[in-house]
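Undergrad: curious how this folds, go ahead:
(one chain, ligands or ions: 2)
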Amino acid sequence: MRSYSLLASAKINLYLEIIGDRPDGYHELAMVLQSIDLADRINLRAIGTDTIRVRCDHPQVPPDKNNLAYRAADLLAKQFPDALAKYGGVEIAIHKQIPVAAGLAGGSANAAAVLVGMDLLWQLGLTQSELQELGGTLGSDVPFCIAGGTALATGRGDKLSPLPDLGGFSVVLAKYRNLSISTAWAYQTYRQQFSSSYCAAEDLECRRQRLHSGPMVGAIAQKDRSKIGQLLHNDLEKVALPVYPQVLQLREAFESAGALGTMMSGSGPTVFALAESSQQAQQVMERVKSAIASPDLDFWVAEFSNTGIQIFSEGNETKPPISRV
Ligand SMILES: C[C@@](CO)(OP(=O)(O)O)[C@H](O)COP(=O)(O)OP(=O)(O)OC[C@H]1O[C@@H](n2ccc(N)nc2=O)[C@H](O)[C@@H]1O
Ligand SMILES: Nc1ncnc2c1ncn2[C@@H]1O[C@H](COP(=O)(O)OP(=O)(O)O)[C@@H](O)[C@H]1O
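TA: Numbering: from 1, shown residues only. Ligands and ions are numbered 1, 2, ... in the order given. Now for the predicted structure:
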């Protein structure tokens, strides 16, 4: 096969707790990550020359070496020079639906899709854990984006334990179009403000005591939707909401809109709310739209998904991914 088309799912953070510093300079985390069916389309095509080309239809996404999708292809080219010589380079076309720098892991999902797709294109035969090992060198969220579904993520977010699938949840997401939050800024600011309460890397007892993800994991095991809604948590809200009053206002509007629960996703600024059905999600969205009448606010209604990456060979297409509403 000379080309593949893939769908790369966004994620939301149902739970994000910062435990302390890590020797590698990152933060030790406990997160619950969830794939949703808001997805980018990635088309991969073998090309004659030994180059990597990226095209993307989003003005904020660099179509060059800084693109995470490019970096994923380059990583494989360096690891497997014989495959590059045998099969040639690759053209990566990215059709963005996932908003950029939004806390939804769009770039990580694109890198995950390139790793999964090029493994097929170059017939490398890598296992999922080998792909995740490679993905972890590109970004902390990439291993989850390869696996997808519902997972507990620890370490810097790259150590995954699968959790039971949470089918049947709908989710409404909202983001101010021209507002982005840098992940590095969010963690750095958290460190500046809260590092006095961090557990030291070697203090395992402190780390164990700090961890509060148990009730959320229990609620997921029981598929207790209202409990899951109540237990949503994100430590990064503590730095983002005071600095971005429009995100705080959005959170408050969702809080009053009758959803199961609401939270900022990852480093933000996207805010999401969980609903029992797509009908309830639509109602929540309409209430928030009438509470905040801003032309700069974009909304999406999506469903929880149990896959990270979906693969289609050329000509084997399915319904188009979710788009903005
Ligand atoms: C916050 C989260 C929550 O899922 O997602 P996003 O909001 O970016 O989607 C993740 O932790 C982001 O993962 P990802 O975006 O892959 O992060 P990376 O590229 O590995 O790191 C970006 C920057 O965030 C900081 N970082 C990241 C992960 C971590 N455990 N500790 C950190 O301190 C580091 O300063 C790093 O420079
Ligand atoms: N393929 C890609 N898709 C989106 N953003 C990308 C990509 N490659 C690089 N980037 C850059 O990565 C940064 C983070 O984007 P993204 O992954 O969408 O956000 P987040 O880390 O909040 O989930 C942006 O500044 C963007 O320019």
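Undergrad: can you give me the helices for the stretch 101-250 of the chain?
TA: 106-121, 128-136, 142-147, 183-194, 204-210, 214-221, 225-230, 237-243, 245-255 (DSSP state H, counting those that start in this stretch).
Undergrad: which elements pack onto the last one?
TA: To tie it back to what came earlier, the one meant is helix 245-255. strand 170-176, helix 237-243, strand 261-264, strand 271-275, helix 278-291 (3 or more CB pairs under 8 Å, 6 or more residues apart in numbering; DSSP states H and E). Yep, even glycine has a C-beta here, placed from its N, CA and C like the rest.
Undergrad: again, but for the third one
TA: Applying 3+ CB pairs under 8 Å, 6+ apart, one finds that helix 142-147 contacts strand 3-21, helix 106-121, helix 128-136, strand 159-162.
Undergrad: just how off-centre is the first one within its chain?
TA: Here strand 3-21 shows a centroid-to-chain-centroid distance of 3 Å under the convention CA atoms, centre = their mean, to the nearest Å.
Undergrad: hmm, that strand touching ligand 2?
TA: No. Residues of strand 3-21 contacting ligand 2 under CB under 6 Å from any ligand atom: none, with a closest distance of 8.2 Å.
Undergrad: now swap in the second one and tell me
TA: Yes. Helix 106-121 is in contact with ligand 2 by CB under 6 Å from any ligand atom, via Gly106, Gly107, Ser108, Asn110.
Undergrad: residues near the second one, how many?
TA: A total of 28 residues lie near Gly107 under the criterion other CB atoms under 10 Å.
Undergrad: most surrounded residue in the residues of helix 106-121 next to ligand 2?
TA: Counting by other CB under 10 Å, top hit in those: Asn110 with 30 neighbours.
Undergrad: which residues are in contact with the closest residue to that residue other than its chain neighbours?
TA: Leaving aside its chain neighbours, Asn110 sits nearest to Ala69 (4.3 Å; criterion: CB to CB, 6 or more residues apart in numbering). Neighbouring residues of Ala69 by CB atoms under 8 Å, 6 or more residues apart in numbering: Ile42, Val54, Ile92, Ile94, Gly107, Asn110, Ala111, Ala113, Val114.
Undergrad: pLDDT score assigned to Ala69?
TA: On the pLDDT scale, Ala69 is placed at 98.
Undergrad: same question for Arg208.
TA: Looking at Arg208, the pLDDT reads 83.
Undergrad: quick one: it and Ala30, what's the gap?
TA: Remark: distance between Arg208 and Ala30 (CB to CB, to the nearest Å) = 11 Å.
Undergrad: the two: which has the busier surroundings?
TA: Ala30 (24 against 10).
Undergrad: check which helices and strands the strand or helix carrying that one sits against.
TA: Assigned by DSSP states H and E, Ala30 falls within strand 27-47. If you count contacts as 3+ CB pairs under 8 Å, 6+ apart, strand 27-47 packs onto strand 3-21, strand 89-95, helix 106-121, strand 150-154, strand 170-176, helix 183-194, helix 214-221, strand 297-303.
Undergrad: give me the contact status of the third one with ligand 1.
TA: Yes. Applying CB under 6 Å from any ligand atom, one finds helix 106-121 in contact with ligand 1 at Ser108.
Undergrad: remind me what that helix packs against, helices and strands.
TA: Using 3+ CB pairs under 8 Å, 6+ apart: helix 106-121 touches strand 3-21, strand 27-47, helix 68-79, strand 89-95, helix 128-136, helix 142-147, strand 309-313.
Undergrad: do the longest one as well
TA: For strand 3-21, the contact count by 3+ CB pairs under 8 Å, 6+ apart identifies strand 27-47, helix 106-121, helix 142-147, helix 183-194, helix 204-210, helix 214-221, strand 233-234, strand 309-313 as packing neighbours.
Undergrad: how close does the closest residue to Ile292 other than its chain neighbours sit to ligand 1?
TA: Of all residues not flanking Ile292 in the chain, Ala253 sits nearest, at 5.4 Å (CB to CB, 6+ apart). Note on Ala253: its distance to ligand 1, by CB to the nearest ligand atom, to the nearest Å, is 21 Å.
Undergrad: contacts only, for Ala253.
TA: Counted by CB under 8 Å, 6+ apart, Ala253 has contacts Arg287, Val288, Ala291, Ile292.
Undergrad: and the stretch 101-250 of the chain, which residues reach ligand 1?
TA: Gly103, Leu104, Ala105, Ser108, Gly139, Ser140, Asp141, Arg156, Gly157, Thr183, Ala184, Tyr187.
Undergrad: ok, now how distant is the second one from Glu28?
TA: Distance, Leu104 to Glu28, using CB to CB: 22 Å.
Undergrad: beta-bridge partners for Leu44, please?
TA: Tyr4, Ile92 (DSSP bridges).
Undergrad: spit out the contact partners of it.
TA: Counting by CB under 8 Å, 6+ apart, Leu44 has contacts Ser3, Tyr4, Ser5, Leu6, Val90, Glu91, Ile92, Val114, Gly117, Met118, Leu121.
Undergrad: most neighbours among the residues you listed, please name it.
TA: Going by other CB under 10 Å, Val114 tops the contacts of Leu44 with 33 neighbours.
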